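Pasting the sequence and the predicted model now:
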Amino acid sequence: MKERLQELQAEALTKVEEAGSLKELNDIRVSYLGKKGPITEVLRGMGKLSAEERPVIGALANEVREAIAAEIENKQVHLEEAAIAEKLKAETIDVTLPGSPVRTGARHALTKVVEEIEDLFISMGYTVAEGPEVEKDYYNFEALNLPKGHPARDMQDSFYITEETLLRTHTSPVQARTMEKHQGKGAVKIICPGKVYRRDNDDATHSHQFMQIEGLVVDENIRMSDLKGTLDVFAKKMFGEDREIRLRPSFFPFTEPSVEMDISCKVCGGKGCSVCKGTGWIEILGAGMVHPNVLEMAGYDSKKYSGFAFGMGPERIAMLKYGVDDIRHFYTNDVRFLKQFSKHEA
Amino acid sequence: MLVSYKWLQEYVDLSGISPEELAEKITKSGIEVEGVEKKSEGLKGVVIGHVLEKEKHPEADKLNKCLVDLGQENPVQIICGAPNVDKGQKVAVATVGAVLPGNFKIKKAKLRGEESNGMICSLQELGIEPKVVAKDYSSGIFVFPSDVEVGQDALAVLGLDDAILELGLTPNRADAMSMLGVAYEVAAILGREVKWPEIKGDEGKEAASDYISVSVEAKEENPLYVAKVVKDIKIGPSPLWMQTLLMNSGIRPHNNVVDITNYVLLEYGQPLHAFDYDQLGSKQIVVRMASEGEKITTLDDEERTLNSGNLVITNGTEPVALAGVMGGANSEVGAETTTVLLESAYFTGGSIRRTSKEQGLRSEASSRYEKGVDPNRVRQAAERAADLLARYAGGTVLKGSVEADTLKAEPAVVSITLQKINSVLGTELVMDTVKDIFNRLQFETAVEGDEIIVTVPTRRGDITIEADLIEEVARLYGYDHLPKTLPVAEALPGGLNDYQLKRRKTRAFLEGAGLYQAITYSLTSEEKASQFALEQGEAVRLAMPMSEERSTLRLSILPQLLEALKYNLARQNDSLALYETGSVFLKTDENELPREKEHLAGAVTGLWHSQLWQGEKKYVDFYTAKGILEGLFEVLGISESVVYKAAEEDGLHPGRTAAVYLNDEKIGFVGQVHPKVQKEMDLKETYVFELSLEALLAAETTPIAYQTIPRYPSVTRDIALVVDKRVTAGELYSVIEAAGGKLLKEVSVFDLYEGDRMEDGKKSIAFSLKYFNPERTLTDEEVSKAHGKVLKAVEENTGAALRS
Ligand SMILES: [Zn+2]
């Protein structure tokens, strides 16, 4: 009987090893370990054995049973893994096909530039002031030291609606309005973005509608060196730490002294190239100390208070920053243009 | 203003300073030099030739065969097509090997069988702008005076080797509209002296006052009028050096008299006018305002009708010049002129500006008067011009001048303290530095303690207050030397206000939802201005539009946004989603500002979503546009206050448009563009919305109130209702929500069927209702009770039948 058990074990283990599927394996389990299986049969025949032999054969039969069961268990894990692997293999996809698109939009390039400038000045303690696009002649010109008939009004050819109202030619009236609201007292620190309009024929460098962003600081003891320092911070944050600024004398009726600010040309590093027209410098903005007449007209005592103001064109900055070659692109809204500004920039 | 470097040297020593260096210095200290041009740069090989012989080309009527002496051993043969070429002329010859503008190289050539060794040049061919070439030479070669030396460099003789600085003058610097003015500026920068022209002042025996009398009626507009008379004039060309300086300054030479007045205009900045004395028709000059409808024919042969705002020079009866703008044709100096009446006057800017604007006539004279001339140069300029007429037009200057003078031309005296200068600039200048700057400008100064009293010459009419003096100090001290500081002020908190923050949030949401921000023009045509207007009102029209297309301020954003779609569709961009925020304008009272409101508009067309290789395609529809708004309202925290009602709007599909109400106030609409409009504009199916952004952002938002995450499960019950087609989902929603009680937390539509299997006029709509109690697990009984109420209400109020 001992031989028979050993024979059965060897036979079963061979079958287990050869089993190719979970079903085959289950059949083996049933046929060898089941109640009608050969091991059970062997055990039934134990009655013929002597009392000494009986426990020995019984133990052996259990050993055989366990060995077979263990091997079946073992094999089952293997077969299951293989089956899963097979299944997964069948599920393979082409991972290089494109993913399901998620819609993305984008902010307009000009809004991007305006918000960037707003945020920069907000971090320096400025608030954002806005005003109407249709203005009174008074706020657009007179309150800014441009009385009727002043030759400098020609610098800003305007769209009038009536004798007294017009499309604002700059965002400076917001400054006049804000100062007026302060009634001659206390500090003003604002940045004023917005649309402005001038009588220009639209071409690659001119637009009858464009954006402006201006800043104004009024307080006791505001100095021109403060303007220079502020513009230096702006230029470095906006255009890069390695940029230098240069102030050139200029003229605006509402500031005196008036200057224009250039930044050193990034393309040529100041040696002169086609971008900077050979000068090594690129004009960015106009600025100056608030004209005493402007302060007085808004109710500020120009002996006690002083201030500086600056103004720039987001179109020009966007054109420089992104290399846009035609100002009309900002207003035709070609999606092939708009799409290019969705990326985050460092 | 074009400034000849060579000419400038006559008034200030420029030794050691190249034109480029000079340009840089001028730019840095006050006047932008926009360019430095050397016309002869890149050109070579042009010499003065002497035409020895001229005969017709045997084969070509219009060509001449010339033998030209170039100052070399042998004269050469040149074929010339200019009609005015002639024997004995001195001409500019581009020799073989010469290079002309446009890198045009001159080679030996054969023209119709005849050899040509070079080219006789017109001024235009040498790069001179046609508008400054004298009329005599405008369609032929230039003939030099006979005394020029043969073989000389013709480019140098023509002053083309000069460097021309182009000054971009701001309106305040009228003083730099003259060579002397620029000389003062340059002298201040370099710390050098200004040299004035020498005036001999020879006079004849007769007195000017025997020839002319002057009376000014319009004293305010013309406080000073100086007349001089010069006899024995011989009209002819002015000297070549004068012609070249004029051309280099952008002025066309005419004859010696006109050229001299222009020359002195450029030199002194004082406009002059020369009348033909014999054509004046009287012996008097009367300056007055024109009468309404009075006429004058100006030098450009235009007959002009005047009004009482125009200042005129008359002979006592009729106008002979439009004062300060242009002379009259009736008294023009011509070839026959022998006696000249020279006018040098001070006209105030206002009247000249008005006249020049009304007549659409700007001249070198008017542009100077408009900005203000130096009252102290009026007489000097007259003397200088008379002197030049004597020298270069053979004239005899009559004794004295005839004047009408009520002008007060006192220099301004402005004082300032050193402390003020330093506190405005943020500098630590000492008095000597400041004084030196004013002295370089040739301003007289007196120092008293901390105060400096500055006497400003009349040529600098722009300096009247302290700030003007500070600017002079700053620009000549140099902005490069200014320190960089930051304002020392009370720390104000910076930031955006609530409206600005929410507007940014709105933009961010829309961009996240897949829309691109557009910016369109506020000005549109009158017709487009009021299309899709949310609020009916009158549009604001410009007084003088540049075109009908841009004549009126918009009442809505959509028309322009649709234009943007059209633009893109025409360029194969056919799936589009755009939005814009911007102002619209409603007219109020005349001379009052219009009501300006910020709107938000959006437009979507084409595919909303597609995954081509998977065969998925979703086109935009009404619910795409509405979904965008719903998301936005959610983000803004106002969705619970918003209601949509079917509506009809101009330009929109009558069956696919909803008005949007916020707290019972209509704030906008969402819908499909009317198929008729779509067709007219070549659009495809397009869905749009336009809302009052102000109303949206002004709405009270529900504050974020945290609610604990539910611990107990909810129970969902679905119902399918068969209702009349006219019953809207919105009505069913409100009935369900009202009947559901506290336990009903969420209602959503999950199916809609209107197909063939339905009875006529009916539709099936299925809702999913979620019941939930935050305090405990709901029992079946509780849910059934609540749900039963809903079913009953729906049946009773909408006639719905429950579908099994
Ligand atoms: Zn460069």
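Perfect, thanks for sending it. Numbers count the residues shown, from 1 in each chain, chains lettered A, B, ... in the order given.

CA atoms for contacts and neighbours, from now on please.
OK.

pLDDT below threshold where in the stretch 1-150 of chain A?
Applying pLDDT under 70 to the stretch 1-150 of chain A flags no residue at all.

what ranges do the helices span in it?
With DSSP state H, counting those that start in this stretch, the ranges of helices along the stretch 1-150 of chain A come out as A:2-18, A:22-33, A:38-44, A:53-90, A:109-122, A:137-140.

I'd like to know which of the ones you listed is closest to residue B:681.
helix A:109-122 (26.9 Å; CA to CA).

Any buried residues in the closest one, and which?
For helix A:109-122, burial by neighbour count (16 or more other CA atoms under 10 Å in any protein chain shown) applies to A:109, A:110, A:111, A:112, A:113, A:114, A:117, A:118, A:119, A:120, A:121, A:122.

Of those residues, which ones also sit close to chain B?
Among these, the ones lying near chain B by CA under 8 Å from any CA of the partner chain are A:121, A:122.

how about the buried residues of helix A:109-122 in CSV, adding distance to the ion?
Below are those laid out as CSV (distance: CA to the ion, whole Å):
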residue, distance to the ion
A:109, 23
A:110, 24
A:111, 27
A:112, 25
A:113, 22
A:114, 25
A:117, 23
A:118, 27
A:119, 28
A:120, 26
A:121, 27
A:122, 31
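
and which of the buried residues of helix A:109-122 is nearest residue A:160?
Closest to residue A:160, out of all of those and judged by CA to CA, is residue A:110, at 25.7 Å.

What's the separation between that closest one and residue A:204?
16 Å (CA to CA, to the nearest Å).

And for residue B:205?
63 Å.

cool, residue A:198 as well?
Taken as CA to CA, the span from residue A:198 to residue A:204 is 15 Å.

Looking at the two, which is more packed in?
More crowded of residue A:198 and residue A:204, by other CA atoms under 10 Å in any protein chain shown: residue A:198, with 20 against 11.

In this structure the more buried one contacts residue A:212, no?
No. Using CA atoms under 8 Å, residue A:198 makes no contact with residue A:212, being 11.9 Å away.

So which bits of the stretch 301-450 of chain B are right by chain A?
B:350, B:370, B:371, B:423, B:424, B:425, B:426, B:427.

if you look at those, which of them are in helices?
B:350, B:370, B:371, B:423, B:424, B:425 (DSSP state H).

Pull the most distant pair out of those residues.
Spatial extent of those (CA to CA) is set by the pair B:350 and B:423 at 36.3 Å.

how about the closest residue to residue A:108 other than its chain neighbours, what does it touch?
In space, and not counting its chain neighbours, residue A:108 is closest to residue B:517: 5.2 Å by CA to CA, 6 or more residues apart in numbering or on different chains. Contacts here follow CA atoms under 8 Å, 6 or more residues apart in numbering or on different chains; on that basis residue B:517 touches A:105, A:106, A:107, A:108, A:338, B:507, B:511, B:578, B:579, B:580.

list the contacts for the third one?
This means residue A:107. Residue A:107 touches A:338, A:341, A:342, B:507, B:508, B:511, B:516, B:517, counting by CA under 8 Å, 6+ apart.

gap between it and the ion?
29 Å (CA to the ion, to the nearest Å).

What parts of chain A come near the ion?
Counting by CA under 5 Å from the ion, the positions of chain A adjacent to the ion are A:265, A:267, A:268, A:272, A:273, A:276, A:280.

Count residues in the vicinity of the second one, would you?
Translated: residue A:267. 13.

Just give the number of residues close to the closest residue to the ion within the stretch 301-450 of chain B.
Nearest residue of the stretch 301-450 of chain B to the ion (CA to the ion) works out as residue B:425 at 30.1 Å. Residue B:425 is flanked by 26 other residues according to other CA under 10 Å.

now do residue A:18
Number of residues near residue A:18 (other CA under 10 Å) recorded here: 12.

got a list of what it touches?
By CA under 8 Å, 6+ apart, residue A:18 lies in contact with nothing.

again, but for residue B:417
Contacts for residue B:417 were tallied using CA under 8 Å, 6+ apart; they are B:450, B:451, B:452.

go on, residue B:338?
B:231, B:232, B:233, B:234, B:235, B:276.

residues near the first one, how many?
The burial metric for residue B:231, expressed as a neighbour count using other CA under 10 Å, is 22.

before we move on, what about the third one?
Residues within reach of residue B:233, counting by other CA under 10 Å, total 21.

Strands of chain A, start to end?
A:127-128, A:134-136, A:165-167, A:188-197, A:209-220, A:245-252, A:255-264, A:281-290, A:305-312 (DSSP state E).

Taking the stretch 651-800 of chain B, what residue is nearest to the ion?
Closest to the ion within the stretch 651-800 of chain B is residue B:693: 43.2 Å, counting by CA to the ion.

ok now do the residue lying closest to residue B:445 once chain neighbours are set aside, which residues does it touch?
Spatial nearest neighbour of residue B:445, excluding adjacent residues (CA to CA, 6+ apart): residue B:454 at 4.6 Å. With contact set as CA under 8 Å, 6+ apart, residue B:454 has these partners: B:413, B:414, B:415, B:438, B:443, B:444, B:445, B:446.

Do me a favour and get the backbone dihedrals for residue B:454.
The phi/psi pair for residue B:454 (degrees, to the nearest 10) reads phi -110, psi 130.

got a pLDDT number for it?
Looking at residue B:454, its pLDDT reads 97.

Could you do the one 4 residues further on as well?
Per-residue confidence for residue B:458 comes out at a pLDDT of 95.

Repeat that for the one 10 residues further on.
In this prediction, residue B:468 carries a pLDDT score of 95.

Which residue would be the closest one in the stretch 1-150 of chain B to chain A?
Relative to chain A, the nearest point of the stretch 1-150 of chain B is residue B:30 (4.6 Å; CA to the nearest CA).

secondary structure element for the residue lying closest to residue B:131 once chain neighbours are set aside?
The shortest distance from residue B:131 to any residue other than its chain neighbours is 6.8 Å, reached at residue B:252 (CA to CA, 6+ apart). Assigned by DSSP states H and E, residue B:252 falls within no helix or strand.

ok, residue B:252 - how many residues close by?
By other CA under 10 Å, neighbour count at residue B:252 equals 21.

Surely it touches residue B:137?
No. The criterion here is CA under 8 Å, and residue B:252 misses it with residue B:137 at 11.0 Å.

picking that back up, which residues does the residue nearest to residue B:445 bridge with?
Residues in a beta bridge with residue B:454, per DSSP bridges, are residue B:414, residue B:445.

Show me which residues of the stretch 201-346 of chain A sit near chain B.
So the stretch 201-346 of chain A meets chain B at A:209, A:219-230, A:232, A:246-251, A:256-258, A:291-292, A:306, A:330-335, A:338-339 (CA under 8 Å from any CA).
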